[in-house]
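Peer 1: Got a sequence here, can you model it:
(3 chains)
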Amino acid sequence: MGTISLRNVRKAFGDAVIIPGADLDIEHGEFVVFVGPSGCGKSTLLRLIAGLEDLTSGLIMIDGEDVSDVPPARRGLAMVFQSYALYPHMSVRNNIAFGLKMAGMPKEEIDAKVTHAAATLNLTDYLDRKPRQLSGGQRQRVAIGRAIVRQPKCFLLDEPLSNLDAALRVNMRVEIMQLHRQLDATMIYVTHDQVEAMTMADRIVVLNKGEIEQVGSPLDIYNKPNSVFVAGFIGSPKMNLITGPLATKFSATTLGIRPEHVELLASAGDVNGSIVLTEHLGSDSFLHVDCGEAGRLTVRAAGDYEGKPGDAVSLGFDRARIHRFDSQGKVLV
Amino acid sequence: MATQQTRSIGRIAVAPSVIALFLWMIVPLAMTIWFSFLRYNLLDPNPACSLMTPGALMDEANRCLAGTSNYTYFLTDPAFFKAMRNSLMLVFWVLVISVTGGTMLALLLDQAIYGRNFVRLLVIAPFFVMPTVSALVWKNMMMHPVQGFLAWITKSLGLGAIDWFAHYPMTAIVIMVSWQWLPFATLIILTALQSFDEEQKEAAQMDGTPPISFFWYMVIPHLARPVTVVILIETIFLLNVFAEIYVTGSGGRAGNLPFLVYHYGLLANDIGGASAGGIIAVILANIVAFFLMRMIGKNLEA
Amino acid sequence: MARAVPLRRKLIFTALAWGIGFVIFFPILWTILTSFKTEGEAVSLPPSFLFFDWTLENYGIVQERSDYLKFASNSVILALGSTLLALLIAVPAAWAMAFAPGKRTKDLLMWMLSTKMMPPVGALIPLYLIFRDLKLLDSHVGIVMVLMLLNLPIIIWMLYTYFKEIPGEILEASRMDGASIGKELIYVLAPMALPGIASTVLLNIILAWNESFWTLTLTTKNAAPLTQFIASYSSPEGLFWAKLSAASTMAIAPILVLGWFAQKQLVRGLTFGAVK
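Peer 2: Here you go, the predicted model:
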């Protein structure tokens, strides 16, 4: 089992309120991603669950049991740190075995578990090396190995991929997802990278200034953002957010429309502008269009789009796909 | 960033050190202050208290209140002025010699030279020589008026020999103590120089900065901090120089404040007077400490 | 790399540096050389530099007459004893201040440092009397305590600056792995900080070895270390330069070697981390 519930979890350092009050239920086996810009409290929330920080008030329950005052080691969780936090003076084998040793497990059992974990993570050849002799990806795997041997109820991963280069990050992303399926364990994954959140999560929790802005499946969040913040944060390139007269025309304070939901028309669109810049990705082209009062909009066009900077274009918005937000930044239904 | 539990364990972990240092600092200081207001002489079991300070208190250790008379006595003792002057002269001259010498030596050692590490070993060595050894070696083998090495050199040059400790005891002590502290200044300034950003040097080269300007606008400001640290730390140690004076037997003419206090207390057995002297030394050191603490405290932020 | 330095310039600087280095080192070199001379040669003028009858007899005589080994072993006991004792209470303190800092940790550190500023003469009289009454004068226990307290602030500061360089996440990882605070200190922090702890020990052995205010005022014979041993040469035997040199060489040699190893740490330790 591995259900985690937060009930009105609050964290403050003196007068500085980091998390004003969070409620969340995580089911067994779920892959939940906490995402948000830096300083939004996502790591603090994870550390609260881990027990590395004290709650100011509220409740944290694991499998229905209140663990608010239980020290980290006895919560049955394992954590993968952003810096991996491997013990530099221990071999890979001892790094993975450390937690089991601390738990007083018999040596043969530890050996068996370490060997098994190493095999799963392709680390068998490196067991006697020190962390500094490993590449970034291998270190990452050791950190994961250290977590999985303890067979925790839930894995906590704090920006585990942010120190890897782009290519490796994509590979590790896939590996972690496969591992999740294999282990059938709950995972909470913290990242500031919305692409990671979109691709990996069963459910995404978007945080902003310590508040949970929205919880939902990736597509839910993408298609139905319930605030300007979520709309702007999820999706790449970003959703166009228009204020001013054009938004008022749609009776909203802020009007949101994703680049792929804007159509290039010969004339008589919702707004006219001129191309400032074109980015060709091959499969698609992204145009940056200066629309005067409406600001600069991003538009997705076909990969072989031939327009040039300076060309005048007219843009039409897909009426079914526009998002309207009120003056509080909340979605209008 | 830690939980309540680790923080309370932390408090327990700090406690022994804090308690030990607190006692170490406060108990002797409090006693010194107390003694400094007492008429208290180890050799004189019956001090004439009642005559000197009417209404004085006598206790079983034959001590009695002396009011501020210890301070007036100590402060008006001609030996005090001499000791104070010697203390300050010693600090001043050793600072001048070790800081200017150390800076120049550090700049030299920072150049591309052969065997730099070896030369550095030679230069640092005096710092590790225990003060008593350095005192005896300098007094006898270097500065002896007849057979000393310096006498041999000056005589060979036809200048005649100098009896350093008989005629210029203060100069002799300054030379000796400078010899011990020059390495410290050199080492710290050299360390700072070597931490100078190589890219900054290259950027300056690209800008066509002449070496003199580079030295003036880049190196000197970079050295400001280590030099300040050297001055302040040396001052603290130099105010407390004792063994060099004690061992060379120069206390009479080149004695500084610590030596005078030692003389009052352990040689003349005047506990009250020595304590008053000790308190004066503490006040002096605190003035210096005030500046040092602010300096180090500022660096702590960075 | 930077451009090559003109050879001429390099040679001039090299000669200058070697010359100055030699002058500064000379008193030590001279002491070592004199220790191998006979008393007659030691005071002969003009002095002989290398061409004299090398002899080891001074070392034997010094040991025989003034029992060098006893003083040396006292020095070792006092230096090691005070350093290890200080380490015992300093490691937990530095750990707490580096990894579980509170609001007042910085003030606490500064206060500890300030105890170093206290001139010893301010404490000499009471300490002398306390020691006299507790029969601690000239005892190992007493001096070990004094040297321990004297160097405790430096030890805590040095350990603190070294611990600060260890990422806290690693200690948190061990906490997640179920290590208690004690095990965290022993299995994770101590091995990782080993180089820093070693440098701290080294510097403090040097400082304790050379400490010559308290060792001169509070010891006479039984617990007297080498500082006192040498001081005893200031009177009559001081005239016997070869023996004085042998004694001096034996007093400084061990620490000179240690000191050369510890130069880098020395800077950090003596400037309280202000210069690294």
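Peer 1: Under the pLDDT cut-off, which ranges of the stretch 101-250 of chain C? List them.
Peer 2: Scanning the stretch 101-250 of chain C for pLDDT under 70 picks out the ranges C:236-239.
Peer 1: okay, now the domains of the chain?
Peer 2: No chain was given, so I picked chain A. Dividing chain A into domains by automatic domain parsing, as the record does, gives the ranges A:4-227, A:237-325.
Peer 1: looking at chain C here, not the other one
Peer 2: Each domain of chain C, as a residue range, per automatic domain parsing: C:7-58, C:66-270.
Peer 1: Tabulate those domains (JSON lines), appending mean neighbour count and distance to residue A:265.
Peer 2: No exception for glycine: its C-beta is placed from N, CA and C like everyone else's. Rendered in JSON lines, the data for these read as follows (neighbours: other C-beta atoms under 10 Å in any protein chain shown; distance: least, C-beta to C-beta, whole Å):
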{"stretch": "domain C:7-58", "mean neighbour count": "16", "distance to residue A:265": "74"}
{"stretch": "domain C:66-270", "mean neighbour count": "21", "distance to residue A:265": "53"}
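Peer 1: Which among the ones you listed is found nearest to chain A?
Peer 2: The closest approach between chain A and any of the domains of chain C, judged by C-beta to the nearest C-beta, belongs to domain C:66-270 at 3.5 Å.
Peer 1: quick one, phi psi at residue 210?
Peer 2: Defaulting to chain A. As for residue A:210, its main-chain torsions (degrees, to the nearest 10) stand at phi 80, psi -10.
Peer 1: what's the neighbour count on it?
Peer 2: Under the neighbour criterion other C-beta atoms under 10 Å in any protein chain shown, residue A:210 is assigned a count of 21.
Peer 1: Kindly report the same for residue A:119.
Peer 2: Based on other C-beta under 10 Å, the number of other residues close to residue A:119 is 10.
Peer 1: can you tell me which residues contact the closest residue to chain B within the stretch 151-300 of chain A?
Peer 2: Residue of the stretch 151-300 of chain A nearest chain B, by C-beta to the nearest C-beta: residue A:158 (13.3 Å). With contacts defined as C-beta atoms under 8 Å, 6 or more residues apart in numbering or on different chains, the neighbours of residue A:158 are A:43, A:46-47, A:79-82, A:190.
Peer 1: hmm, 7 Å instead?
Peer 2: Counting by C-beta atoms under 7 Å, 6 or more residues apart in numbering or on different chains, residue A:158 makes contact with A:43, A:46, A:79-82, A:190.
Peer 1: Identify the farthest-apart pair in those residues.
Peer 2: For those, the maximum inter-member distance is 12.6 Å, found between A:43 and A:80 (C-beta to C-beta).
Peer 1: what about the two, which has more around it?
Peer 2: Taking other C-beta under 10 Å, residue A:43 and residue A:80 do not tie; residue A:80 has more neighbours (27 against 21).
Peer 1: Quick check: that one touching residue A:147?
Peer 2: Yes. Residue A:80 is in contact with residue A:147 according to C-beta atoms under 7 Å; the separation is 5.4 Å.
Peer 1: Find the nearest non-adjacent residue to residue A:304, please.
Peer 2: The shortest distance from residue A:304 to any non-neighbouring residue, by C-beta to C-beta, 6 or more residues apart in numbering or on different chains, is to residue A:285 (7.8 Å).
Peer 1: For chain B, tell me whether the helix or strand harbouring residue C:69 is touching it.
Peer 2: Here residue C:69, judged by DSSP states H and E, is contained in helix C:68-99. Yes. Applying C-beta under 7 Å from any C-beta of the partner chain, one finds helix C:68-99 touching chain B at C:89-90, C:92-93, C:95-97, C:99.
Peer 1: and the most centrally placed residue in chain C, which of the three is it?
Peer 2: Nearest to the centroid of the C-alpha atoms of chain C, with distances taken as C-alpha atoms, centre = their mean, sits residue C:206, at 1.0 Å. Per DSSP: H, G, I helix; E, B strand; the rest coil, the local secondary structure of residue C:206 is helix.
Peer 1: Would you enumerate the residues in contact with it?
Peer 2: For residue C:206, the residues meeting the contact criterion (C-beta under 7 Å, 6+ apart) are B:128, C:255, C:258-259, C:262.
Peer 1: cool, and residue A:307?
Peer 2: Listed by C-beta under 7 Å, 6+ apart, the contact set of residue A:307 reads A:275, A:278, A:287, A:313.
Peer 1: how about a cut-off of 10 Å?
Peer 2: Contacts for residue A:307 (C-beta atoms under 10 Å, 6 or more residues apart in numbering or on different chains) come out as A:264, A:274-275, A:278, A:285, A:287, A:289, A:299, A:301, A:313.
Peer 1: Same question for residue B:168.
Peer 2: Remark: with contacts taken as C-beta under 10 Å, 6+ apart, residue B:168 is in contact with B:143, B:162, B:174-175, B:253-254.
Peer 1: distance of residue C:158 from residue C:86?
Peer 2: For residue C:158, the distance to residue C:86 under the criterion C-beta to C-beta, to the nearest Å works out to 11 Å.
Peer 1: Identify the contacts common to those two.
Peer 2: Residues within reach of residue C:158 and of residue C:86 at once, by C-beta under 10 Å, 6+ apart, are C:151, C:200-201, C:204.
Peer 1: just curious, which of those is nearest to chain B?
Peer 2: Closest approach between the shared contacts of residue C:158 and residue C:86 and chain B, by C-beta to the nearest C-beta: residue C:151, at 11.1 Å.
Peer 1: A helix includes that closest one, no?
Peer 2: Yes. Checked against three-state DSSP, residue C:151 lies within a helix.
Peer 1: Now do the contacts for it.
Peer 2: C:79, C:82-83, C:85-86, C:90, C:116, C:158, C:200, C:203-205, C:207-208, C:211, C:269.
Peer 1: is it true that residue C:196 touches residue C:163?
Peer 2: Yes. Under the criterion of C-beta atoms under 10 Å, residue C:196 makes contact with residue C:163 at 7.5 Å.
Peer 1: any common contacting residues for these two?
Peer 2: Both residue C:196 and residue C:163 are contacted by residue C:94, under the criterion C-beta under 10 Å, 6+ apart.
Peer 1: picking that back up, which neighbours do residue A:80 and residue A:147 have in common?
Peer 2: What both residue A:80 and residue A:147 touch, as defined by C-beta under 10 Å, 6+ apart, is the set A:155-157, A:160, A:187, C:173, C:176.
Peer 1: ok, and the most crowded of these?
Peer 2: With neighbours defined as other C-beta under 10 Å, the most crowded of the shared contacts of residue A:80 and residue A:147 is residue C:173; it has 30 neighbours.
Peer 1: Not counting residues beside it along the chain, what's closest to it?
Peer 2: Nearest residue to residue C:173, sequence neighbours excluded (C-beta to C-beta, 6+ apart): residue A:85, at 3.9 Å.
Peer 1: Over to the one you found: give its phi and psi.
Peer 2: Torsion angles at residue A:85 (phi, psi; degrees, to the nearest 10) stand at phi 50, psi 40.
Peer 1: Contacts only, for it.
Peer 2: The neighbours of residue A:85, taking C-beta under 10 Å, 6+ apart as the test, are A:79, A:95, A:131, A:139, A:143, A:146, A:158, C:167-174, C:176.
Peer 1: Now flag whichever of those residues is closest to chain B.
Peer 2: residue C:168 (7.0 Å).
Peer 1: I'd assumed residue C:184 was in contact with that closest one.
Peer 2: No. Counting by C-beta under 10 Å, residue C:168 sits too far from residue C:184 to count as a contact (11.3 Å).
Peer 1: shared neighbours of these two, anything?
Peer 2: Here residue C:168 and residue C:184 have residue C:99 as joint contacts, going by C-beta under 10 Å, 6+ apart.
Peer 1: Am I right that residue A:255 is in a strand?
Peer 2: Yes. With three-state DSSP as the criterion, residue A:255 is assigned to a strand.
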